[in-house]
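> pasting the structure only:
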């Protein structure tokens, strides 16, 4: 399979360099297949999505329906990309998610040696011994700040010296049963969970810049069943929260308020809805097909927008409460970034700015990856999926695979030379493998050997 970038370079794409992610949402399942090249550039090669019929507020409530939807999404992504890595990064959200802060430390035997990555990992693992309720599991243990010998705080202690390393951690916790259902659904779909990632953190990964994370920003991801919040400051995740309702609540309100089917309510919301009723035109109506031979129903756009605004203001009020609770309301120099399917409603940034008094904008995943179809992915509904894929790329260790490819190519060349009567001594030292890896990354020629 070939992929041409900027129509000037053709790069051979192999399945060994691929990775994948699945976003299990309340309204849709999204599967993405990605690839990383020699320059560590990520390209999204395939996507697939299917209606999510077995999920409510981020939790799986019907395993069979969920498995079917996952398979459908994966099949489409695989058809588009040509492959789909069965080890997947999976997004997780839901009303069962909550977070807490914890502080932990370790004492070092030799304070004069440099602090290593292994010691930081040890600190992180030890910190996982926190008090949990029955049927709870830790999803993330995110270091925020470190302190060495009770003196000064640092963002990264590696390479420094000291006897005691102490750290603050942001810990994300979920319900064990809910996590097990997701894992079972993934496995029954023929895949394996490589890692879970909290969905607002995934969305932030694909939509927020380092500058925004540094000066302070609140990301609000309005999904179908939940509204997820992640707050960053000093380039660190400072706070996360999941609000147990989202865009589907607006659809239900329209369905009840206008006495129409949910599918028609969703259509009206996405095609004609406005989050600010005063902006909707007077005396403008849209016709909804009648049920079972009944006459069509005329729905006022003004009335429709009033229903949407009322529920959206409730979501915004809940988000504002979370932001104020976090203690970072006055540290959001970059304001608010809103993403997810619910962010597509017309004039939402204006309503947010009016209600919260902070500048806001729509976030889309267009900054950090390449796409075979850039325009299609310039859409907030893919923010979580692309963020998961970025995380998948960071956990995908393809170096060893490239080295094995190099050795395999060396074996093939040795066999060819042997047939020609040329003696070719195969060496397997690490230095030679590193050299071969570099050679084959640049493009193989006999002269380089």
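Structure's in. What do you need? Bear in mind the structure is a predicted one, so any value in this text is a computation, not a measurement.
> counting neighbours, which bits of the longest helix along the chain end up buried?
Secondary structure of the chain per DSSP state H: the longest helix is helix 301-326. Buried residues in helix 301-326, counting neighbours by 16 or more other Cβ atoms under 10 Å, are found at 301-302, 304-309, 311-312, 315-316, 318-320, 322-323, 326. In this view, the C-beta of every residue, glycine as well, is placed from N, C-alpha and C.
> show me the helices in the protein, by range?
Going by DSSP H, the chain shows helices at 63-81, 117-126, 176-188, 199-207, 210-215, 247-258, 262-272, 301-326, 348-356, 374-377, 383-395, 399-419, 430-442.
> from residue 238, how far off is the residue lying closest to residue 144 once chain neighbours are set aside?
Sequence neighbours aside, residue 168 is the residue nearest to residue 144 in space, at 4.5 Å (criterion: Cβ to Cβ, 6 or more residues apart in numbering). To residue 238, residue 168 is 10 Å away according to Cβ to Cβ, to the nearest Å.
> so the longest helix of the chain versus helix 262-272, what angle?
Orientation of helix 301-326 against helix 262-272 (axes from the mean of the first three to the mean of the last three Cα atoms, to 10 degrees) gives an angle of 90 degrees.
> run the angle between helix 301-326 and helix 348-356 for me.
Inter-element angle recorded for helix 301-326 and helix 348-356: 60 degrees (by the same axes, to 10 degrees).
> what's helix 301-326 packed up against?
Using 3 or more Cβ pairs under 8 Å, 6 or more residues apart in numbering; DSSP states H and E, the elements in contact with helix 301-326 are strand 217-222, strand 227-233, strand 236-243, helix 247-258, helix 262-272, strand 285-288, helix 348-356.
> so the residue nearest to residue 144 is in contact with residue 103, correct?
Yes: the criterion here is Cβ atoms under 8 Å, and residue 168 meets it with residue 103 at 5.4 Å.
> buried stuff in stretch 100-112?
Neighbour-count burial for stretch 100-112, with 16+ other Cβ under 10 Å as criterion, is recorded at 104, 108.
> stretch 264-276 now?
Neighbour-count burial for stretch 264-276 flags 264, 265, 266, 267, 268, 269, 272, 273, 274, 275, 276 (criterion: 16+ other Cβ under 10 Å).
> kindly report the same for stretch 223-233.
By 16+ other Cβ under 10 Å, the buried positions in stretch 223-233 come out as 223, 224, 225, 226, 227, 228, 229, 230, 231, 232, 233.
> the more surrounded of residue 168 and residue 238?
Comparing residue 168 with residue 238 by other Cβ atoms under 10 Å, the one with more neighbours is residue 238, at 21 against 18.
> can you tell me how far that one sits from residue 37?
34 Å.
> please apply the same query to residue 171.
As for residue 171, its distance to residue 37 is 35 Å (criterion: Cβ to Cβ).
> can you check residue 390 too?
Using Cβ to Cβ, residue 390 is found at 15 Å from residue 37.
> what's the answer for residue 317, then?
Counting by Cβ to Cβ, the gap from residue 317 to residue 37 is 45 Å.
> buried ones in stretch 165-179?
If you call a residue buried by 16+ other Cβ under 10 Å, then stretch 165-179 has these buried ones: 165-175, 178-179.
> dump the residues you listed to CSV, plus pLDDT.
Formatted as CSV, those follow (pLDDT from 0 to 100):
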residue, pLDDT
165, 93
166, 93
167, 92
168, 91
169, 92
170, 93
171, 94
172, 95
173, 95
174, 95
175, 96
178, 95
179, 96
